[in-house]
Structure formats: structure tokens, C-alpha cells
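> Here is the input, now give the coordinates:
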Amino acid sequence: MNPEAKKIALRMISSGLYILTSRHGEDMSAATVSWVNQASFTPPLIMMGIRTDSHTHAVLEAGKVCAIHFLGRDQQHIAEKFFKPVKHEGNKIGGMEFETKITGAPILKIAPAYVECKVVDSLKRGDHSVFVVEVLEAEVRNATEALGMRDTPWHYGG
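Now for the predicted structure:
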């Protein structure tokens, strides 16, 4: 296999940028993720690839709940903030205010939209696990154009 061709081809897969938050007891996590896609209409399912060596993976695997936050095109700075591990202090995670609703996962107040989910399946392969989550609740606060990887100088994968 030509490794350069593989890298270029796989980076042509369209990817959005999302903030994934999760909770297990008092342990909370938040991270920018890009391997996210809808997997079913009924029930509403989303699949996502999460690095197995990350804190977010550990919290999601143990807590089985999460919130996926959709960012606007003008919120690249928020995606950048969650590339590295962040701290949870009071009602803030990574310095961003959050609230909790039905799952207890942190819901970032700054996100234009989010879905709250429960883990229904997972598969560990390679350096990522694929989690399948069922959408339990959704809210759109501001219908805006979504931030995608193509809108940034970044890339992930390939």
C-alpha cells in the first residue's frame, strides 16, 4: 500500500468537529472529536471513534453516558480548547460553563446544539473504540452552520 495515497484518501472523508463530554460519578471528561456519524433513524443512533488511551474513553466506557455538542463555524477556538485534557472545576469544564440534564453528562452552555446519549454498544479495535450511542434528548439553541474539519487547518486520521 502507498502510505501517502492512503493518508490523502482517508483525509478526504468529511469530518465535523464536536465536543464530547461524559461523566462517571464525579469524574467528568471533555474532548474534541471528529469521527462521529449518524448510524440509525429508529432508534436514533450515533457511532463515534474514540482513542482508547484517552481519559474521555475511560469515562465514557465506565459511565455509559455522554453529550455530543455541535459547534458553529465561528467556534473553532472552542474545538481547539478541548484538544488537550481539561479540568473540571465546579460548574466549568475546560473553563466553559456547563449544566446537567437527564444523563448527568456536562452540557456546554456555549454550544449551539447538543444531543444527550447513552452507550448501547462498543467495539475495541486498533487505537480507537467505536461507541454506538442512542440519542435520548436533543436541543438546538441556535441553528447555525456547523464547524467542519475542512474549515480549519487541522486534520485527524489518514
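
> Can you tell me the closest non-neighbouring residue to the residue nearest to the spatial centre of the chain?
Residue closest to the average C-alpha location in the chain (Cα atoms, centre = their mean): Leu20, at 3.0 Å. Once its chain neighbours are removed from consideration, Leu20 has its nearest residue in Val33; the separation is 4.7 Å (Cβ to Cβ, 6 or more residues apart in numbering). C-betas here are computed from N, CA, C, even on glycine.

> Number of residues surrounding that neighbour?
A count of neighbours around Val33, defined by other Cβ atoms under 10 Å, yields 24.

> My guess is it contacts Ile46. True?
No - counting by Cβ atoms under 8 Å, Val33 sits too far from Ile46 to count as a contact (10.9 Å).

> and for the two, which residues touch both?
With contacts defined as Cβ atoms under 8 Å, 6 or more residues apart in numbering, the residues shared by Val33 and Ile46 are Ile68.

> Please list all residues in contact with the residue nearest to the centre of the chain.
Residues in contact with Leu20 (Cβ under 8 Å, 6+ apart) are 30-33, 36, 48, 50, 56, 60, 66-69.

> State the distance from it to Val130.
Computed as Cβ to Cβ, to the nearest Å, the Leu20 to Val130 distance reads 13 Å.

> now do Leu147
Distance of Leu147 to Val130, given as Cβ to Cβ: 22 Å.

> Alright, I will stop here.
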